[in-house]
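Colleague: for reference, the sequence and a predicted model appear below.
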Amino acid sequence: MVKILQKEDVFFHSLNGITSNSQVLIILHFDYFINKGDLKILKNKYENIILIPIDESKSITKNAEFIFELIAKGNKITIVFNSFYKESFGDYFNFEFKNNKLISFIEVSKFCESMLKKCYVSDNINIHNSDIVNLKYFTIYPRIVKKTIDWIFGIVIYVISQPLWLISAIKIYFESPGPIFYIQSRIGINNTNIRVFKFRSMRIDAEQNGAQFSNKNDDRIFPFGKIMRATRIDELPQLFNILKGELSLIGPRPERKVFIETFEEHIPHYNERHAIKPGISGYAQIMYPYGAGLKDARHKLMYDLYYIKNWNLKLEAKIIFLTIYTIVTKKGI
């Protein structure tokens, strides 16, 4: 059972649906950092998941009474809290439960990284995760490994994909007469401007009203353009960017400056993703479904930061494998 407490709920007065002698996860100060994929992971371990938003978390007495009732039913409870809001626990909350063997506490940053394999990023621009503030970027070893992978895969993919280049050029020409390639300014490593090459998948007048996010049912995308996006064929020309050293095979998605400026105003740590080269594919792309806007940018950032912080060859191989799987099964954008 997953319960999200809203202000109008009388949730503290009823435990209907909460099973006895079960594993219970309570997330205090919940600010919607969990997505459907995360819930699937958590439901494999916890029979009951209770999400209590920040405003309701401040009700110390109600929270304490509610947890006592859960304990009385023999439940083993894990409480996730945000250290920034620790004052909402109060001395009473800590004192009452500190030595109870049925209760364990875990800070939200450690919870996200250990359980959900992503770095916690608050939805409050004024709240900063100290683990990210002190983030160590790629050392010389991963840079050499990634550069080698980029060159080997870049050349191999370029050679074997030549038939797709020809087919794509022909289909674009007949379905949407105009340029075959689309060149767009994106932000690369250390906030440098790069020109990214792609097969054009939208009408030539797609942005006559200014820059805007695309979506799954975007009517600006012509039929073969949808196929290219789903299979990532439209990304093939970015192999030139890889060989030029501007992009990596795996890394944060290169974003447009106009969107980055908005994201940096509202999402803590957003600029940290520019400490490494952006990539054609990445951890965020394979872990999070397609989406656009602040909410989705925040979720994707959590995965990008986890990738930077926890990079290893196994993680790189996993992303490459899942990217290939996405292309073959057409589960891309």
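Modeller: The structure has been received and is ready for your questions. Residues are numbered from 1 along each chain as shown.
Colleague: switch to C-alpha atoms for all contacts and neighbour counts from now on
Modeller: Will do.
Colleague: report the contact partners of Tyr283.
Modeller: Shown in contact with Tyr283 (CA atoms under 8 Å, 6 or more residues apart in numbering): Ile250, Gly251, Pro252, Tyr303, Asp304, Tyr307, Ile319.
Colleague: domains of the chain?
Modeller: For the chain, automatic domain parsing gives the domain ranges 2-116, 140-329.
Colleague: who touches the most centrally placed residue in the chain in this structure?
Modeller: In the chain, the C-alpha closest to the average C-alpha coordinate belongs to Lys300, at a distance of 2.4 Å (CA atoms, centre = their mean). Under the criterion of CA under 8 Å, 6+ apart, the contact partners of Lys300 comprise Ala284, Gln285, Tyr288.
Colleague: what residues does stretch 269-280 touch?
Modeller: Outside stretch 269-280, the residues touching it (CA under 8 Å, 6+ apart) are 121, 128, 132-133, 137-138, 187-191, 235, 238, 246-254, 263-264, 301, 304-305, 308.
Colleague: Ile187 and Asp296, how far apart?
Modeller: Between Ile187 and Asp296 the distance, using CA to CA, to the nearest Å, works out to 18 Å.
Colleague: looking at those two, which is more packed in?
Modeller: Ile187 (22 against 14; other CA atoms under 10 Å).
Colleague: so which strand or helix has His128?
Modeller: Assessed by DSSP states H and E, His128 sits outside every helix and strand.
Colleague: that one against Ser122, yeah?
Modeller: Yes: with the criterion set as CA atoms under 8 Å, His128 and Ser122 qualify as a contacting pair; they are 7.2 Å apart.
Colleague: any residues in contact with both of those two?
Modeller: Contact with both His128 and Ser122 is made by residues Pro268, according to CA under 8 Å, 6+ apart.
Colleague: tell me which of these two has more neighbours.
Modeller: When neighbours are counted by other CA under 10 Å, Ser122 comes out ahead of the other of His128 and Ser122, with 25 against 17.
Colleague: tell me the secondary structure for the more buried one?
Modeller: Here Ser122 is coil, with the state taken from DSSP: H, G, I helix; E, B strand; the rest coil.
Colleague: roughly how far is the helix or strand hosting the residue nearest to the centre of the chain from the heart of the chain?
Modeller: Secondary structure assignment for Lys300, by DSSP H and E: helix 294-309. Centroid separation for helix 294-309 versus its chain: 4 Å, with CA atoms, centre = their mean, to the nearest Å.
Colleague: can you show me the strands along the stretch 51-200 of the chain?
Modeller: Taking DSSP state E, counting those that start in this stretch to define them, one finds strands in the stretch 51-200 of the chain at 76-81, 103-107, 181-187, 193-199.
Colleague: show me the shaky parts of the stretch 51-200 of the chain.
Modeller: In the predicted model, the stretch 51-200 of the chain carries pLDDT under 70 at residues 56-62, 86-98.
Colleague: related to what we said a few turns ago, buried residues, the helix holding Lys300. List them.
Modeller: Of the residues in helix 294-309, 294, 297-309 count as buried by neighbour count, 16 or more other CA atoms under 10 Å.
Colleague: out of these, who's nearest Tyr32?
Modeller: Distances from Tyr32 to those, taken as CA to CA, are shortest for His299 (9.4 Å).
Colleague: next one, pLDDT for the closest residue in space to that closest one that isn't next to it in sequence please.
Modeller: For His299, ignoring the flanking residues on the chain, the nearest one in space by CA to CA, 6 or more residues apart in numbering is Phe33 at 6.8 Å. On pLDDT, Phe33 comes in at 91.
Colleague: one more: Asp205?
Modeller: Asp205 carries a pLDDT score of 70 in this model.
Colleague: okay, now it: neighbour count?
Modeller: Asp205 is flanked by 8 other residues according to other CA under 10 Å.
Colleague: name the SS class of it, please.
Modeller: Following three-state DSSP, the label given to Asp205 is coil.
Colleague: Gly178 versus that one, what's the distance?
Modeller: Taken as CA to CA, the spacing of Asp205 relative to Gly178 amounts to 10 Å.
Colleague: now do Ser122
Modeller: Using CA to CA, one obtains 43 Å as the distance from Ser122 to Gly178.
Colleague: repeat that for Tyr325.
Modeller: Distance check for Tyr325 against Gly178: by CA to CA, it reads 31 Å.
Colleague: quick one: which of those two has more around it?
Modeller: Here Tyr325 and Gly178 are set side by side on neighbour count (other CA under 10 Å), and the busier one is Tyr325, at 15 against 12.
Colleague: and stretch 271-286, which residues are buried?
Modeller: Those buried within stretch 271-286 under the rule 16+ other CA under 10 Å are 272-286.
Colleague: for that stretch, what is the distance to the chain centroid?
Modeller: Distance, stretch centre to chain centre, for stretch 271-286: 10 Å (CA atoms, centre = their mean).
Colleague: heads up, I number from 852, so please use that
Modeller: Shifting the count to begin at 852 puts that one at stretch 1122-1137.
Colleague: next, the distance between the ends of that stretch.
Modeller: One end of stretch 1122-1137 sits 21 Å from the other (CA to CA).
Colleague: for the record, mean pLDDT for it?
Modeller: In this model, stretch 1122-1137 has an average pLDDT of 93.
Colleague: can you show me the helices along the protein?
Modeller: Taking DSSP state H, the helices of the chain run over residues 887-894, 905-908, 911-923, 941-948, 959-962, 981-984, 991-1011, 1013-1026, 1074-1082, 1090-1094, 1108-1117, 1134-1138, 1145-1160, 1164-1180.
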